[in-house]
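below are the sequence and a predicted model; questions follow.
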Amino acid sequence: MSTFVMPSLGADMQSAVLMEWKVKEGDSVKKGDVIAEVETSKGVIEIEVFEDGIVEKVLVPEETEAKVGTPLAIIRSLDKSTEIEEPAGPDMAAETKEAEPSPTPDQPIPDEPDEPVEIQRVKSSPLARKKAKELGIELSSLAEGDKPVHLAQVESQKVSGTTEMGGMRQAIAKAMSRSNAEIPHYYLSTSINMTAALHWLEELNKNRAIEDRILPAALLIRAVVRTLQEVPQLNGFWRDDALHLSEAVNPGIAIALRREGLITPALLNAEHMDLDGTMHALSDLITRTRSGKLRSSEITQQTITITNLGDLGVERVYGVIYPPQVALVGFGRILDTPWAEGDTLSVRKVMQATLAGDHRATDGRTGGEFLNKLDQILQTPEELL
Amino acid sequence: MKIDIEIARDYYREMLLIRRFEEKCVELYSHEQIRGFLHLYNGQEAIAVGVMDAATSDDTILATYRDHGQALARGITAKAIMAELLGKAEGCSHGRGGSMHLFDKATRFYGGSAIVGGGLPLAIGMALADKMMKHNRVTICFFGDGAVAEGAFHESLNLAALWHLPILFICENNRYAMGTSLEHSHSEQNLSKKASVYKIISDQVDGMDVFAVAKAAKDSIAQIKDGSGPVFLECLTYRFRAHSMFDAELYRDKAEVEQWKEKDPLLVLKKKLEDIDLWSKLDVDEIEKEIGSVIDEAVEFAQNGTLEPLFDLEKFVYSAEVK
Amino acid sequence: MSETITYREAVRAAIREAMESDERVFLMGEDVGRYGGSYAVSMGLLEQFGSERIIDTPLSESAFTGAGIGAALNGMRPIVEIMTVNFSFLALDQIVNNAATMLHMSGGQFNIPLVIRMATGGGKQLGAQHSRSMEGWYAHIPGLKILTPATVQDAYDMVGLALSDPDPVLVFENSLLYNNKGALDKQAVPIPIGKASMHRQGKDISIITYGISLFKSLEAAEILSKEGIEAEVIDLRSLRPIDDETIMSSIRKTHRVLIVDEGWKSGSISAEIMARINEQAFYELDAPMQRVCSVEVPFPYANHLEQAALPQPEKIVAAGHKLMEEL
């Protein structure tokens, strides 16, 4: 028994209309006999059977349209091989479709996740854009009106001998992930009454020229540095399963770049700076950070990190330690807070100081000591001069 | 004419092989296993068989898109051709050519061309090279009545005569260039005259009679090898099927087709043998059976063949596979 | 050992020497024999080799190009000369449907070691049907190799390179180059097909060009140099294959690129090169790519119009300025 189907007569033939049957059920047919006439886009064509047999059943009435491959009749074949071979070969069309490789781009799609949506797009050559990103330079700072930024402008911002900050930022990102994965953090926090310190600072600055005035940030940094001299275990590196203390105190200062995130360059050898020195160094560091002129040592030699996000309104900072450092000090916003002293309740300028510590290097005891000492030192600010 | 029974048997077998092969192609095409264009040789078998009998293995063959007959008669196996039609790597053109582009180095079969008249300039070059290298062999170039209208035909015949080249031009005049009949294509319908105008030895042959074709081809090849220059044989024939599979044959009468079917080369051969009582000596059933197996094996071979891997797609563009 | 000869003499010498050393090589085309060659390239060859090997053909481009293919298929090494690229259209079917395609259609069985030489280019007031540069157009077709010798050395070397290639090679000789004199060292190892050559080094602009435009580009580079702009000038030598590596390497150095192409720009080889640069060196670009091509008009007869239509050193200099703009 075999099925006679609507034949394909050409690549662009999808269907045809069966116009007239040339046989009826019960007729015997020979190979090559015309079995029906079909109407195609090219006219009426006779179609033939491929074997000897008897027409068992006609499946499709005259004047019916049928797609190529539609069964039209059943033939009881009289050939020795009674079964019609189903096309044993693989369906070539399907084969090719399956084997089609899913499109993969030849080059990675340029993707700049750090770039926030800019309201005004800066035109620059692709090369300039790439270089600027590597150096951590903001293109908008280089653009002059609507003129596109070129490589030369970007390169003139770079000073020889500095490390490319773009790469550093990427390294920080990597480090942050590592930190979270590798370092067992412990967190301690304490409330520090900053009233005395702020008051003292105010008095000090009153009699000073603007460029000589001390910012609270500098005071805090100086305080941390002084405290580390008493509690040195938080100033160093975790390496080869051991804590290596550092003689130098190079606090990494978290500085926000205008649009490009946070960076923490070091105040090198802060242990040798007095308060004024700290202030000047901090000023200078911030300026150079913003214009991309840091020295590589400033980018790699931090022994501890201080982040002071109080000016952003954050009350308490739970930081992530930058490996291989072993501690991070965070300062929150100075708030007017109810403060109890003995039996009296008053309002004081209170700041949350937090310490994130690497539990492999130190434990809560050391951390607590540090914060305690820091608090004490900030109650006698004049000693920080 | 004395007929050798063995030769007659060979002729019959080879023509039947072509006929049954083409019939099988119809079936496979209808079932979408063969794709693209399919041009069948039914009715013209005597020409391929007769000419190839006259040719030697050293001669060069150039054919048209209607090339299954020439390919089989030349000795390319039914397996290799069928595999090619099914697009398999085992095909004679590695699956890259398809029905219209059968090629085979071993039998000096240089295609298989889809451009009407495109093979004639090639023939000029092949014969020129033979002449230059002093190979005494013939370039046999097949084409149809349609090619005679192409500019390349005239350029080529002129050059063939001018340069005295060893070419046997076989014009298979089946009276239709696709859907355009002879009378609508040529101001001069006696195509052999067009060659004689170029001072080429030219003749008309009954293309339905394999003996006539074979004799004319043998005589011509002998002449050419003897230094006569090119020879043109217009073989008068008819194709029983449409130009290609998808053709409603609106351009010709059924009656005409039936008339020519009476001159089926298989029938002509049969009659000739019957006239001298040799037909019964041919075991036709045996031959049918044998051919049937050959075809079945070819189909099985082709269906079980392999598809070239996709990563080889860019092969065969340059010899050194340099990008 | 170097001599100074004309481009024409270099081609002639190369053909002669090839025919002397390999009896399979022969030359076929219109007027190559008795006339001495329409550009006098084959002058004297008929006397030396005879009419069996220097074959004058009738005006039958299709047939004699196809004959070249057939002869190559059957064991010879023909050089077909098509008088100019403008006449090659008559042979286009043979070139595209046979020469470029047969290796593939036959599943790798039949390669065609054919050389076709054609004169190309405009600038002689010969009108629209005699002035085209179609080498870029032919470079579109897989299966063909396209050579564009600019220097006298290449005019000589490329005949040999083409003849020893197993596949069809089209050699485009700009007709205005035939009289050019240059140095030829027959002992020098030929630069292989597919390698470009650097004619001038510079740090500011990469000029990518081929054929006669090489000389216009070098002229423009001199002018730019006086203005303090140093251009690198690269002769592609072949349009299929193209030497991507040399191009991209130059761009990584200069970041600014200018393409000079005598074809019309639409769908041209300059467009193709720009696409490749976009694919392979996008981030190396510091400015949009520039190109100088022929103006999109069939070439006019009047001299001032024709010259205005063709690439010129001034246009190349202007494009160079544009590249350096805003810096």
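Yep, it's here.

going by C-alpha atoms from here, please, whenever you check contacts or count neighbours.
Fine.

buried ones in the lowest-mean-pLDDT helix or strand in chain C?
Ranking every helix and strand in chain C by mean pLDDT, DSSP states H and E puts helix C:303-309 at the bottom, with a mean of 92. Buried residues in helix C:303-309, counting neighbours by 16 or more other C-alpha atoms under 10 Å in any protein chain shown, are found at C:Glu306, C:Gln307, C:Ala309.

let's see it as PDB, backbone CA atoms only.
Extracted C-alpha coordinates of helix C:303-309, given in PDB (Å, rounded to 0.1, in the frame of the first residue of the first chain):
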ATOM      1  CA  ASN C 303      39.400  67.500 -21.100                       C
ATOM      2  CA  HIS C 304      38.600  69.800 -18.200                       C
ATOM      3  CA  LEU C 305      35.600  67.800 -17.400                       C
ATOM      4  CA  GLU C 306      37.400  64.500 -17.500                       C
ATOM      5  CA  GLN C 307      40.200  65.700 -15.300                       C
ATOM      6  CA  ALA C 308      37.700  67.100 -12.800                       C
ATOM      7  CA  ALA C 309      36.100  63.600 -12.700                       C
END
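
picking up where we left off before, JSON lines for the buried residues of helix C:303-309, including distance to chain A?
Output for these, formatted as JSON lines (distance: C-alpha to the nearest C-alpha, whole Å):
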{"residue": "C:Glu306", "distance to chain A": "36"}
{"residue": "C:Gln307", "distance to chain A": "34"}
{"residue": "C:Ala309", "distance to chain A": "31"}
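
doesn't A:Ala36 lie inside a strand?
Yes - A:Ala36 sits within a strand when classified using DSSP: H, G, I helix; E, B strand; the rest coil.

around the nearest residue to it once chain neighbours are set aside, count how many other residues there are.
Distance criterion C-alpha to C-alpha, 6 or more residues apart in numbering or on different chains; nearest residue to A:Ala36, sequence neighbours excluded, is A:Trp21 at 4.4 Å. A:Trp21 is flanked by 18 other residues according to other C-alpha atoms under 10 Å in any protein chain shown.

need the pLDDT of A:Trp21.
Turning to A:Trp21, the model gives it a pLDDT of 95.

so who does it touch?
Contacts of A:Trp21 were listed using C-alpha atoms under 8 Å, 6 or more residues apart in numbering or on different chains, and they are A:Ile35, A:Ala36, A:Glu37, A:Glu62.

derive a ChimeraX selection command for the buried subset of those.
Selecting only the buried entries of the contacts of A:Trp21 in ChimeraX, with 16+ other C-alpha under 10 Å as the criterion:
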select /A:35,36,37
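
tell me the one of the contacts of A:Trp21 nearest chain C?
Distance ranking of the contacts of A:Trp21 against chain C, using C-alpha to the nearest C-alpha, places A:Glu37 first at 36.1 Å.

quick check, that closest one in contact with A:Met19.
Yes - the criterion here is C-alpha atoms under 8 Å, and A:Glu37 meets it with A:Met19 at 5.6 Å.

residue 12 sits in which helix or strand?
Since you didn't name a chain, this refers to chain A. If you go by DSSP states H and E, A:Asp12 is not part of any helix or strand.

hm, I was asking about chain C
With DSSP H and E as the criterion, C:Arg12 is inside helix C:7-21.

show me what that helix is packed against.
strand C:25-29, helix C:152-163, strand C:181-185 (3 or more C-alpha pairs under 8 Å, 6 or more residues apart in numbering or on different chains; DSSP states H and E).

sheet partners, orientation included, of the first one?
Yep, that's strand C:25-29 we're talking about. Within its sheet, and counting by DSSP bridges, strand C:25-29 is paired with strand C:54-56 (parallel), strand C:77-84 (parallel).

list the buried ones in stretch B:302-318?
Buried residues in stretch B:302-318, counted by 16+ other C-alpha under 10 Å: B:Ala302, B:Gln303, B:Gly305, B:Thr306, B:Leu307, B:Lys315, B:Phe316, B:Val317, B:Tyr318.

mark which of those are part of helices, please.
Under the assignment DSSP state H, the buried residues of stretch B:302-318 contribute B:Ala302, B:Gln303 to helices.

residue in the stretch 201-327 of chain C nearest to chain B?
Going by C-alpha to the nearest C-alpha, chain B is nearest to C:Pro241 of the stretch 201-327 of chain C, at 7.5 Å.

by mean pLDDT, which helix or strand of the chain comes out lowest?
Defaulting to chain A. Taking mean pLDDT, DSSP H and E as the measure, helix A:92-99 is the helix or strand of chain A with the lowest mean score, a mean of 37.

the intended chain is chain B.
Per mean pLDDT, DSSP H and E, strand B:180-181 ranks last in chain B, at a mean of 90.
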